[in-house]
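Participant: My questions concern the predicted model and sequence given below.
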Amino acid sequence: GEDVEQSLFLSVREGDSSVINCTYTDSSSTYLYWYKQEPGAGLQLLTYIFSNMDMKQDQRLTVLLNKKDKHLSLRIADTQTGDSAIYFCAGDSNYQLIWGAGTKLIIKP
Amino acid sequence: DVKVTQSSRYLVKRTGEKVFLECVQDMDHENMFWYRQDPGLGLRLIYFSYDVKMKEKGDIPEGYSVSREKKERFSLILESASTNQTSMYLCASSFTGIGNQPQHFGDGTRLSIL
């Protein structure tokens, strides 16, 4: 089955860019998603990319997809303290989503 | 906006009790999901349902059952709660169809079994 991998932690300084990476084994996903989970809350859909696209930009967020390397990344420009959260990548598969373990983004002042 | 509502944010129960977690969505979604979330393990799918009265086992169904009597409501049941079921439980829903169909989540229920 599909496997989705993310590193568990990322630490950046406030104002810098954050880049959260995700690799996956199955290239059949049509859509790939990024979700954000703030402490004590559920998951919030942040953005998504269609598998035929290489890049999608939405304000401070940039999603890059390299299908050849099966690599997905989320770049957050000008990282703020409010960006502190766990970020999950996921790919769709038969009406389900296959999830990474989540990357905890830590913001240093 | 899609609204997925879980009945409790926090719940404390005792070992051996039968526990019900309720989830309601207001967008007429066909699919509903129950996950549990534990530190370092990400989200693990317990059960999902793609229609009323239909259910499919996820990755970790043991010790759980589900009920979907109405389209908008999906219940997770712990038949005899055990301490290893202490966790954060997340409910989600989505449409069935062609194109982008993301899952929408409730706020989660943090369940403690003593």
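Facilitator: Done, it's in. Numbering: from 1, shown residues only, chains lettered A, B, ... in the order given.

Participant: quick one: stretch A:56-72 near chain B?
Facilitator: No: Stretch A:56-72 lies out of reach of chain B by Cβ under 8 Å from any Cβ of the partner chain, never closer than 11.9 Å. From N, CA and C alone the C-beta is placed, and that goes for glycine too.

Participant: Which positions in chain A make contact with chain B?
Facilitator: Going by Cβ under 8 Å from any Cβ, the residues of chain A near chain B are A:8, A:31, A:33, A:35, A:40-45, A:48, A:50, A:88, A:92, A:95-97, A:99-102.

Participant: Out of the residues you listed, which sit inside helices?
Facilitator: The helices, defined by DSSP state H, take in nothing from the residues of chain A next to chain B.

Participant: Give me the buried entries from the residues you listed.
Facilitator: A:31, A:33, A:35, A:41-43, A:48, A:88, A:92, A:95-97, A:99-102 (16 or more other Cβ atoms under 10 Å in any protein chain shown).

Participant: Look over those and name the one with the lowest pLDDT score.
Facilitator: The weakest per-residue confidence within those falls on residue A:95 (72).

Participant: hang on, isn't that residue packed against residue B:95?
Facilitator: No: if you go by Cβ atoms under 8 Å, residue A:95 and residue B:95 don't touch, sitting 9.2 Å apart.

Participant: so what sits against both of those two?
Facilitator: Contact with both residue A:95 and residue B:95 is made by residues B:31, B:101, according to Cβ atoms under 8 Å, 6 or more residues apart in numbering or on different chains.

Participant: Just give me the neighbour total for residue 32.
Facilitator: This is for chain A. 25 (other Cβ atoms under 10 Å in any protein chain shown).

Participant: The intended chain is chain B.
Facilitator: Counted by other Cβ under 10 Å, the residues lying close to residue B:32 total 27.
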